[in-house]
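Peer 1: Sequence plus the predicted model coming up.
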Amino acid sequence: MERAISTTPAVEVWKDIEGYEGAYEVSTFGRVRSLDREYYKCYSDGRMQLTKHRGRILKQYLNDKGYYMVTIVYNHTVKTLLVNRLVAKAFLPNPDNLPEVNHKDENPKNNNVDNLEWCDRLYNIRYGTGIERRMKPLRRKIEQLTKDGRHVAYHLGVREICLVTGMDRRSIQRCLHNKPKFKTAYGYRWRFVDVDDSVQFDLEHSSALYDPQPCTIEQLTKDGQHVAYFDTRTDAAKSVGCSLQNLCRAIAKPHQAAKGYRWRLI
């Protein structure tokens, strides 16, 4: 069942909602309506009464994630449904049976059919600025400073710092939360800050270069024999095909090896 209503500037097309044929329809503009119909209403005392329902455009409301939803009452049951999925199921083919619906303009309130596409979970997360939008509200921004208070870098959470440098999470958190006797960690001061959206964060490496001060990395065999010197952690890691994360962990923990070697700062 399909109806077309002339509108400006385009044509709004309506289709039945699957499972609610003859009772509810969804349009290409992302609107949902009920249809004129008759049904028997059952009362608590067992009486049945023929009731006429006059169709109308349903009111939509936002859920806690910013997506529009509608409430549908049918066959004595009440269901709350996402509008974007209703539009996609009615108008967009899904031959690969993809599970999620993506908004192309990244506006979850725009449920026009031209703005929607079927996708998998990974595509949905990575689409556009998806990763950045998810990470920024969840993680408190951290500023790294030298002991005398000079700015070094901004970081998007303790996790990124620890993943790349091998630093211990607890040491940094003690500084962040002003624990007594823990003013610095790994030679730096750390503090939570509020910075505006103009500050750019590297989502993989937390925007820091991790060689902010000149240093020399010494490579040693497991029994302590000198092998080579390197000017940066990055050069040392590349020389043996080691990840920067594993190398930094080995530097932070002298008893730990990376690629069969021990490493230390000089």
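Peer 2: Alright, I've got the coordinates. Residues are numbered from 1 along each chain as shown.
Peer 1: How is this structure divided into domains?
Peer 2: Domains of the chain are assigned by automatic domain parsing as 2-93, 139-213, 217-265.
Peer 1: now those as CSV including mean pLDDT?
Peer 2: Written out in CSV, the entries for those read as follows (pLDDT from 0 to 100):
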stretch, mean pLDDT
domain 2-93, 85
domain 139-213, 71
domain 217-265, 83
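Peer 1: For residue 116, find the nearest of those.
Peer 2: Nearest to residue 116 among the domains of the chain is domain 2-93 (5.2 Å), distances taken as CB to CB. Bear in mind the C-beta positions are built from the backbone N, C-alpha and C, glycine included.
Peer 1: still on that earlier bit, save the domains of the chain as TSV, and put in distance to residue 99 and mean neighbour count too.
Peer 2: Written out in TSV, the entries for the domains of the chain read as follows (distance: least, CB to CB, whole Å; neighbours: other CB atoms under 10 Å):
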stretch	distance to residue 99	mean neighbour count
domain 2-93	10	14
domain 139-213	25	15
domain 217-265	32	16
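Peer 1: can you redo these as CSV with distance to residue 121?
Peer 2: Conversion of these to CSV gives the following (distance: least, CB to CB, whole Å):
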stretch, distance to residue 121
domain 2-93, 14
domain 139-213, 18
domain 217-265, 26
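Peer 1: Please identify which of those is closest to residue 118.
Peer 2: Between residue 118 and these, the tightest spacing by CB to CB is seen for domain 2-93, at 6.0 Å.
Peer 1: Now do that closest one: distance to the chain's middle.
Peer 2: When C-alpha coordinates are averaged (CA atoms, centre = their mean, to the nearest Å), domain 2-93 and its chain have centres 30 Å apart.
Peer 1: Now do the residue of the chain most remote from its centre against residue 37, distance only.
Peer 2: In the chain, counting by CA atoms, centre = their mean, residue 47 sits farthest out from the average C-alpha position, at 51.4 Å. Residue 47 sits 20 Å away from residue 37 when distances are taken as CB to CB, to the nearest Å.
Peer 1: Please apply the same query to residue 147.
Peer 2: Taking CB to CB, one finds residue 147 at 75 Å from residue 37.
Peer 1: same check, this time on residue 63
Peer 2: Between residue 63 and residue 37 the distance is 27 Å, computed by CB to CB.
Peer 1: Next: residue 112.
Peer 2: In this structure, residue 112 and residue 37 are separated by 27 Å, where distance is defined by CB to CB.
Peer 1: rewinding a little: contact partners for the residue farthest from the centre of the chain?
Peer 2: Counting by CB atoms under 8 Å, 6 or more residues apart in numbering, residue 47 touches no other residue.
Peer 1: The one 4 residues further on now?
Peer 2: Contacts here follow CB under 8 Å, 6+ apart; on that basis residue 51 touches 38-41.
Peer 1: got the contact list for the nearest residue to residue 111 once chain neighbours are set aside?
Peer 2: The shortest distance from residue 111 to any residue that is not its chain neighbour, by CB to CB, 6 or more residues apart in numbering, is 2.9 Å, and that residue is residue 30. Counting by CB under 8 Å, 6+ apart, residue 30 makes contact with 68, 83-84, 87, 110-113.
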